[in-house]
Structures are given as C-alpha cells and as structure tokens.
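Colleague: For reference, the sequence and a predicted model appear below.
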Amino acid sequence: MSVSPFHCAKCGTLFPEYALNAQDLTPCPACRAPVLGLVFPALLRPQGPGERAESILIDGESSCFYHPSKKAAVPCDGCGRFLCTLCDVEIGDRHLCPVCVENAPKKGKLVQLEPSRYHYDSIAFLLATMPLLLFFMCWPAMVVTAPLSFYLCIRHWNTPLSVVPRTRIRFVLALFFVLLQIGGMGLVILGLVVG
C-alpha cells in the first residue's frame, strides 16, 4: 500500500491512496473521521524519467545555444537558435526556446499564453444597441456610436475573439443594428433635405 502526500485535517495521519478520489466519504485510518480526498489522477501516477539532453560525440555536430556541450535536437521556431531536449519547450506544434516563451506574452505573438483579450465583439454590440435601448436620452449618440461599432466589426472580424471559444454572432448582430441605425439616420436626413 503506497501512501499519498495528504494528511487528515483532524489527526494529521497520512492518507493511503485507496482513500483518494473515492466516490463516498472514507473514514480516516487513525481517527475514523469521515474524509473526502479529491486529487488530480496525475498526482497518483508514478513520475517517469524526463528526457536527458545528449552530449556531443562527433565534431561538427550542432550544439544547443544555451548548453554548448549538449547536442541540438530542434531549432527554435521563434528565433532559430538550436535547442537541446532540455531547452525545447513545445507549445502546440511549435518548438520554442525559454527566451521566446518569456517574451511571447509581451509581444503578443503566442496566443496560447495570453491571459486575457479584449472582447471587441461585445464592445461593438454594446455600441450598436445602447443608443437603441436608450433612444429618447441618447439618440444623438448614434452619430458617433454607429460608425464606431461598424469600424470595430470590420477591423476586428478576424481578431481572435476570446481565450475560450466564442462565435461571431455579436459582430453579426452589431452590424445588423448599425446598418439599421445608419439607414434610419439617412432617412431622417433625406426627410429634412427633401421636406
């Protein structure tokens, strides 16, 4: 029986592995207090050995930029430096060096490492609908918000929407309301000019 790194909150006894991730409360082996221990399954798996960087055995073989005595395995997709298996950071299908991974959020080049994004679709939708909802108080605002919302829809149509999956329905609805507003303003101006 292997022991997990978790202790009973009441008596401090180590939990056995069978007590973790059980469907029901499990009594503590020492004090019999009911306990529910939920952990990620990866924590209970034995750790395998990591890949070791190979040493250079033949003259003329390419070496790692950061470890000159280690054999290069792949080039960095960001800067082109040769990397050993120790320095290689795989993100998606790209191989990057630690410096490129560190600089990617600052430059905004690595989408997987972005902690947040602007929701341009929500901004455009709000700019298109707020003057309609508050028509009597802010109908003159349509002169500014309609073109601005139209610009946001066109400019940011291909911009990644969110860190989590979202659809472009807000852009479509914003364009619909913007075109209604611009058409309505055009009819009002036409009525003033003709009439």
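Modeller: Now that the structure is in, tell me what you want to look at.
Colleague: Summarise which helices and strands the helix or strand where Gly183 lies is packed against.
Modeller: Assigned by DSSP states H and E, Gly183 belongs to helix 169-194. Packing contacts for helix 169-194, counted by 3 or more Cβ pairs under 8 Å, 6 or more residues apart in numbering; DSSP states H and E, involve helix 120-133, helix 142-155. To be clear about C-beta, it is placed using only N, CA and C from the backbone, and glycine gets the same treatment.
Colleague: Turn the ones you listed into CSV, columns for mean neighbour count, mean pLDDT and distance to Leu173.
Modeller: As requested, the helices and strands packed on helix 169-194 are arranged in CSV below (neighbours: other Cβ atoms under 10 Å; pLDDT from 0 to 100; distance: least, Cβ to Cβ, whole Å):
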stretch, mean neighbour count, mean pLDDT, distance to Leu173
helix 120-133, 20, 90, 6
helix 142-155, 18, 92, 10
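Colleague: Turn these into JSON lines, including distance to Pro29.
Modeller: Formatted as JSON lines, the helices and strands packed on helix 169-194 follow (distance: least, Cβ to Cβ, whole Å):
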{"stretch": "helix 120-133", "distance to Pro29": "52"}
{"stretch": "helix 142-155", "distance to Pro29": "61"}
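Colleague: rewinding a little: buried residues in the helix holding Gly183?
Modeller: 170-171, 173-175, 177-178, 181-182 (16 or more other Cβ atoms under 10 Å).
Colleague: what about it, distance to the chain center?
Modeller: Helix 169-194 sits 36 Å away from the centroid of its parent chain (Cα atoms, centre = their mean, to the nearest Å).
Colleague: Now do that helix, average pLDDT.
Modeller: In this model, helix 169-194 has an average pLDDT of 91.
Colleague: got the angle between that helix and helix 120-133?
Modeller: 40 degrees (axes from the mean of the first three to the mean of the last three Cα atoms, to 10 degrees).
Colleague: Report the central residue of the protein.
Modeller: Nearest to the mean C-alpha position of the chain, counting by Cα atoms, centre = their mean, stands Val163 at 4.0 Å.
Colleague: Specify the local secondary structure of that one.
Modeller: Three-state call for Val163 (DSSP: H, G, I helix; E, B strand; the rest coil): coil.
Colleague: any idea how far it is from Leu152?
Modeller: 19 Å (Cβ to Cβ, to the nearest Å).
Colleague: Kindly report the same for Arg117.
Modeller: 14 Å.
Colleague: Got the domain ranges for this protein?
Modeller: Segmentation of the chain into domains, based on automatic domain parsing, reads 3-44, 53-115, 120-194.
Colleague: next structured bit after the lowest-mean-pLDDT helix or strand in the chain?
Modeller: None of the helices or strands of the chain scores lower by mean pLDDT, DSSP states H and E than helix 41-44, at a mean of 61. Using DSSP H and E, the helix or strand that directly follows helix 41-44 along the chain is strand 74-75.
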